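**Student:** predicted model, plus sequence, below.
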Amino acid sequence: MKGDQTSGTVYPATVADLHARFEARQATIGIIGMGYVGLPLALTAAKAGFSVLGFDINSSYVERLNRGESYIKHVPSKLVAEAVADNRLSATADFNRLPEADAILICVPTPLTKHREPDLSYVEKTTRTIAERLRKGQLIVLESTTYPGTTDEVLKPILETTGLKSGKDFFLAYSPEREDPGNPDFGTSTIPKVVGGDGPDALILADALYSQLVVQTVQVSSAATAEAVKLTENIFRAVNIALVNELKVVYAAMGIDVWEVIEAAKTKPFGFMPFYPGPGLGGHCIPIDPFYLTWKAREYDITTRFIELAGQVNTHMPYYVVERLAEAVDRSGRPFSGSRILVLGAAYKKNVDDMRESPSLKLIELIEARGASVDYHDPHIPELPPTRKHRSLAGRRSVPLMVETVASYDAVLIATDHDNVDYGLVAEHARLVVDTRNSLGKAGLANERTVKA
């Protein structure tokens with residue numbers, strides 16, 4: 001071990017020292033980005049016995065965490081309060097404290113530009129922030145989803161502008177997040193973690209750290225391979241969702257219920273995995289990640305036709321749903337233009353307060369562009385937050401779901417299938433229900449006023 005010349009703090013001097021601190025759970029873990037990935041990861045590390053420093057530029061997040069409060073619905077405040085009370089978790093907006101961390105885990109957004117190209121601005125800015133404070137003996141791990149090569153081609157050169165060398169003075173790795181917000185069966189600690197490093201020492205150290213946090217680690221040969229694993233997982237889902245979305249359109253034209261087809265098909269004990277259609281893709285991963293690979297593939301003169309076609313099918317789904325809604329309203333004897341529509345569900349998936357890339361926002365804009373007015377109800381989202389693509393919708397508030405409310409609309413569009421919604425009330429009192437999630441069908445509540453879309 002050796003002392004830092006400026007602070008006198010003792011830091012690990014060798015790979016063996018750092019490895020031992022990880023295995024003994026005596027290291028300090030810095031996590032940059034206290035959102036849907038960073039906060040659960042911080043709580044997992046704190047519960048495992050590590051001292052955790054959560055970094056975020058959002059002062060509200062920092063203040064609430066230090067008060068022991070959660071701002072993410074599916075993350076209980078009780079867990080945050082326990083970690084803070086045990087002095088295992090503290091949050092800060094002071095990035096000058098980065099040298100205190102033995103490992104720095106990067107959990108920042110990787111969105112797309114308006115031209116559907118990777119936007120690594122958050123990753124690059126964060127890496128420069130780390131570089132300005134980088135010290136010897138630190139492990140740096142990127143968790144944000146990105147294209148193969150990002151760790152080696154983007155992070156490493158920025159960090160090495162300090163004169164320190166990866167694999168010698170500091171250690172660089174990639175371990176993709178696998179969070180599934182609101183999933184009652186799997187959390188951060190129970191999901192295996194893929195790890196790839198820039199050299200053998202980085203891999204050994206990343207594996208030693210994550211082995212203390214999760215049920216299983218899966219080592220791969222490089223950071224680029226680990227980056228490809230994450231993209232493959234989400235592209236697999238995107239392509240299969242596109243397939244059932246396309247089947248939904250085809251079978252609807254034939255008068256066949258795609259939900260009934262899937263339920264019957266999944267009884268086959270081999271060779272079939274059920275995926276379900278919806279009003280469009282949402283969340284930070286599945287609508288975005290495939291485009292990271294298609295962009296990178298162009299560097300190698302390869303066209304990812306299959307992936308791009310899936311993206312086109314999924315992107316078209318909100319337009320298809322609104323067309324079905326308009327047809328259903330018109331058939332009921334009321335013109336769609338001037339009608340009042342209630343969108344049920346604003347979150348991108350059931351039982352969470354996560355609005356990232358939610359198709360509900362696109363649905364609202366498309367409906368209003370055709371002359372109808374829209375309200376929404378979501379028990380998890382009392383007010384629509386500002387988003388990059390749909391700023392004009394920010395500030396709208398959820399309306400109460402009551403008999404007189406539901407009955408006053410020309411149609412109810414079920415966009416998100418939250419469990420804590422009274423679907424019986426909707427089925428009984430709505431003039432028309434357009435159901436994109438088969439919520440009424442699954443509950444045995446579908447009637448002659450129900451249209452599946």
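**Tutor:** Sure thing, it's come through. Bear in mind that the values here come from a model prediction, so they are computed numbers and not experimental data.
**Student:** ok, the residue positioned nearest the centre of the chain to Pro277 distance?
**Tutor:** Geometric centre of the chain, nearest residue: His284, 3.9 Å, by Cα atoms, centre = their mean. Computed as Cβ to Cβ, to the nearest Å, the His284 to Pro277 distance reads 21 Å. C-beta: built from backbone N, CA, C; applies to glycine.
**Student:** about what we covered before: go ahead and confirm the residue nearest to the centre of the chain touches Val108.
**Tutor:** No - contact criterion Cβ atoms under 8 Å: His284 and Val108 do not qualify, at 11.0 Å.
**Student:** mind giving me the packing neighbours of the longest helix anywhere in the chain?
**Tutor:** Criterion DSSP state H: the longest helix present in the chain is helix 223-254. Contact analysis of helix 223-254 by 3 or more Cβ pairs under 8 Å, 6 or more residues apart in numbering; DSSP states H and E lists strand 171-174, strand 193-197, helix 258-265, helix 289-297, helix 305-331 as its packing neighbours.
**Student:** gap between that helix and the chain center?
**Tutor:** Offset of helix 223-254 from its chain centre (Cα atoms, centre = their mean, to the nearest Å): 16 Å.
**Student:** buried sites along that helix?
**Tutor:** Of the residues in helix 223-254, 223-224, 226-231, 233-235, 237-239, 241-242, 244-249, 251-252 count as buried by neighbour count, 16 or more other Cβ atoms under 10 Å.
**Student:** quote the end-to-end distance of stretch 114-133.
**Tutor:** Stretch 114-133 has an end-to-end distance of 32 Å (Cα to Cα, to the nearest Å).
**Student:** stretch 379-396 too?
**Tutor:** Across stretch 379-396, first to last residue, Cα to Cα, it's 14 Å.
**Student:** just confirm Gly54 contacts Pro40, I think it does.
**Tutor:** No - counting by Cβ under 8 Å, Gly54 stays clear of Pro40, with 11.3 Å between them.
**Student:** okay, the two: which has more neighbours?
**Tutor:** For Gly54 versus Pro40, the count of surrounding residues by other Cβ atoms under 10 Å is larger for Gly54: 28 against 22.
**Student:** how about the contacts made by the more buried one?
**Tutor:** Gly54 makes contact with 30-31, 34, 38-39, 42, 62, 65, 89-92, according to Cβ atoms under 8 Å, 6 or more residues apart in numbering.
**Student:** ok, so of the residues you listed, who is nearest Glu404?
**Tutor:** Leu39 (38.9 Å; Cβ to Cβ).
**Student:** now whichever helix or strand the closest one is part of: mean pLDDT?
**Tutor:** According to DSSP states H and E, Leu39 maps onto helix 38-47. Averaged over helix 38-47, pLDDT sits at 97.
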